[in-house]
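Trainee: I would like to see how this sequence folds:
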Amino acid sequence: MKSPRTFEEQTECIVEALLSDLLGEDEWFASRSLETDSFAESHAEHEASAPAESSSTFDSVVIASRLRRLGDQYNEDLEQPARRVIAEMAKGKMEEFGVMVDSLSKSWSSLNPGLGYERAFLAVSVKLLAYLSRKVPAVARQIQLVELINGNHEVRGYIETRGGWENFEN
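Mentor: Reported below is the predicted structural model:
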């Protein structure tokens, strides 16, 4: 498999790994969980033993695991925001997920100044996606998380100034 080269391609791979885990769609993920370091390490060892086309340190499963752990830090109740997202998406307002993530991220980061908006944004988006995946799995694939991350200049800049996705730590 060719390593993704652009930020956009990497984001797409990471979100796909995250969704595959959340929805239990991939057989590699079916018997494992992204939530543990041992899974991420075993996957990295599996990838390392396979022939590689690039010496890149990019591993979408490991990064998705880090995002899940970051999302686990967000402990606010998501019932009401999720209901609103589902209701608005049913009306064709697909952007509601992004609007809700932005609102919750700003609120959470203002209450926790050391957190920063960018990390809050990633944590909330992953946590809300996970919540919606459990409650209404059909909605998860409709959420445009790739575009949401790629289109947010603050979040993208935050990741890129730290060396890209390969250096993302939770």
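Trainee: how close does the nearest residue to Gln144 once chain neighbours are set aside get to Ile143?
Mentor: Counting by C-beta to C-beta, 6 or more residues apart in numbering, Gln144 lies nearest to Met94, which is 6.4 Å off, once chain neighbours are set aside. Where you see a C-beta, it was placed from the backbone N, CA and C, and this is true even at glycine. To Ile143, Met94 is 8 Å away according to C-beta to C-beta, to the nearest Å.
Trainee: Ile143 and Met100 touch, don't they?
Mentor: No. At 10.5 Å, Ile143 does not count as touching Met100 under the criterion of C-beta atoms under 8 Å.
Trainee: dump the residue contacts of Tyr74.
Mentor: The contact partners of Tyr74, taken as C-beta atoms under 8 Å, 6 or more residues apart in numbering, are 108, 120, 123-124, 127.
Trainee: One more pass at 10 Å, please.
Mentor: Taking C-beta atoms under 10 Å, 6 or more residues apart in numbering as the contact definition, Tyr74 lies against 104-105, 108, 115, 120, 122-128, 130-131.
Trainee: what's the nearest residue to the most centrally placed residue in the chain if we skip its chain neighbours?
Mentor: Central residue of the chain (C-alpha atoms, centre = their mean): Val126, 4.6 Å from the mean position. Closest residue to Val126 apart from its sequence neighbours, by C-beta to C-beta, 6+ apart: Gly71 at 3.4 Å.
Trainee: So for Ala48, what's the pLDDT?
Mentor: pLDDT, Ala48: 43.
Trainee: roughly how far apart are the residue nearest to Val126 and Glu154?
Mentor: Distance from Gly71 to Glu154, by C-beta to C-beta: 18 Å.
Trainee: more neighbours, the two?
Mentor: Taking other C-beta atoms under 10 Å, Gly71 and Glu154 do not tie; Gly71 has more neighbours (21 against 12).
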